[in-house]
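Q: output the structure for:
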Amino acid sequence: MSGVNPYFFIKEVPTEELVKLLARKIKELKSEKDTTANLNLQLRNTVKELKNTQDELLRNREILQDEVKQKTDELINLERVSILGNFTARAAHDLNNPLSVIKNSSQILRINLDKHLDEKSKAQWSRLDRAVARMSHQIDDVLGFVKPPTLERKKHVVASILSDVLERMEIPSNIEIHPPLVGSTIYCDYEKIEIVFVNLLTNAIQAIGNNDGSIDITISDDSDPKYVQIIVQDSGCGVPPNLSDKLFEPFFTTKQTGTGLGLVSCKSIVKEHGGHIGITSIFGKGTTIKLRLPKESEFDNLDTDDQEKTLKIKSR
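A: As a prediction, the model looks like this:
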């Protein structure tokens, strides 16, 4: 037994095959290592994506919370405005009747007594008329805001509307107004667009104040051929940057005697016409207001067949 190999039961493997076997195993281990590295990389990327998704969800949750709070505040404000609107509508309506009596009585008395009044009395009477006109204008602002009337639209020339408005307004001697002599036709409610121009020109006059200034009104074609662009530009005091976003908010005003409803009414009227109004203001230099109003009705833009169909639907 002494001459017997103690490892006789182990099969002898040639060195060449052993090298090949080891090389194959090393290759398999390397492949498994690469696979493991790829899996680890994918896992890290997945964890990173989950973290990014979690961060995005948190941001979206904060945004949604802010939006919910904003919408809730808006609903609360709308409810308050609705309640206040109903009250102010009744109050404005009740005030409008006696104010009309005062206005008419003042005009009649002025006609009958004019030849007996001295210059001081005439000046006092003029202040009375301006005060009544200002009150009437503010009441119209309130009624126009809380109860927008139904539009009665026809085709009108913009320059003609502006001419009528300027004839009735009192323009200070220190302000020059340059209206368009000719202008495009728009499809509008004449009286409501008059209100828009009165409000815009009144704001421009008040912004200029006692300083020498000018108001330029221009009319041009819009980028959309169905619309007309009207620009009212003044050389007044302008609006501070921190207040420009509040100009169309109800009851916001920078004037002591304003209702804060003039521009709101303008926006409502223009929107009802299917148009758009925008304001650009530079503090200390002036304000530019751009109106965009339709030239024609929706009916005019339809072809003959569509017009007949529309008429049949309306006649039912």
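
Q: how much space separates I193 from E167?
A: 15 Å (CB to CB, to the nearest Å). Backbone N, C-alpha and C define where each C-beta goes, glycine included.

Q: give me the more crowded residue out of these two.
A: Ranked by neighbour count (other CB atoms under 10 Å), I193 and E167 place I193 first, with 26 against 8.

Q: for that one, what are its contacts?
A: With contact set as CB atoms under 8 Å, 6 or more residues apart in numbering, I193 has these partners: H156, I161, I186, I269, H273, L293.

Q: redo that, cut-off 10 Å
A: 151, 153, 156, 158, 161-162, 165, 186, 230, 266, 269-270, 273, 275, 291, 293 (CB atoms under 10 Å, 6 or more residues apart in numbering).

Q: closest one to Q107 out of the residues you listed, please.
A: V165 (20.3 Å; CB to CB).

Q: just to check, that closest one is in contact with I215?
A: No: with contact defined as CB atoms under 10 Å, V165 does not reach I215; the gap is 11.9 Å.

Q: in the chain, which helix is the longest?
A: Of all the segments of type helix in the chain, defined by DSSP state H, the longest one is helix 15-113.

Q: ok, H137 - contacts?
A: I195, V198, N199, T202, T259, G262.

Q: 8 Å instead?
A: Counted by CB under 8 Å, 6+ apart, H137 has contacts V198, T202.

Q: just the element for it, please.
A: helix 119-146 (DSSP states H and E).

Q: thinking again about what came up before, so V165 and I215 - more neighbours on which side?
A: Neighbour count, other CB under 10 Å: between V165 and I215, I215 has more, with 23 against 18.

Q: pLDDT averaged over the strand or helix carrying that one - what is it?
A: According to DSSP H and E, I215 maps onto strand 213-221. Taken as a whole, strand 213-221 has a mean pLDDT of 92.

Q: re the thing from before, how far does the helix holding H137 sit from its chain's centre?
A: The chain centre lies 30 Å from the centre of helix 119-146; the measure is CA atoms, centre = their mean, to the nearest Å.

Q: following element in sequence after that helix, please.
A: strand 154-157.

Q: for the contacts of I193, which one is nearest T15?
A: Looking across these and measuring by CB to CB, the closest to T15 is G275, at 95.2 Å.

Q: close enough to count as contact, L162 and I177?
A: No: proximity of L162 to I177 does not meet the contact threshold set by CB atoms under 8 Å, at 9.3 Å.

Q: could you tell me which residues touch both of the two?
A: Between them, L162 and I177 share the contacting residues I217, judged by CB under 8 Å, 6+ apart.

Q: near I102, how many other residues are there?
A: 14.

Q: thank you kindly, that will do.
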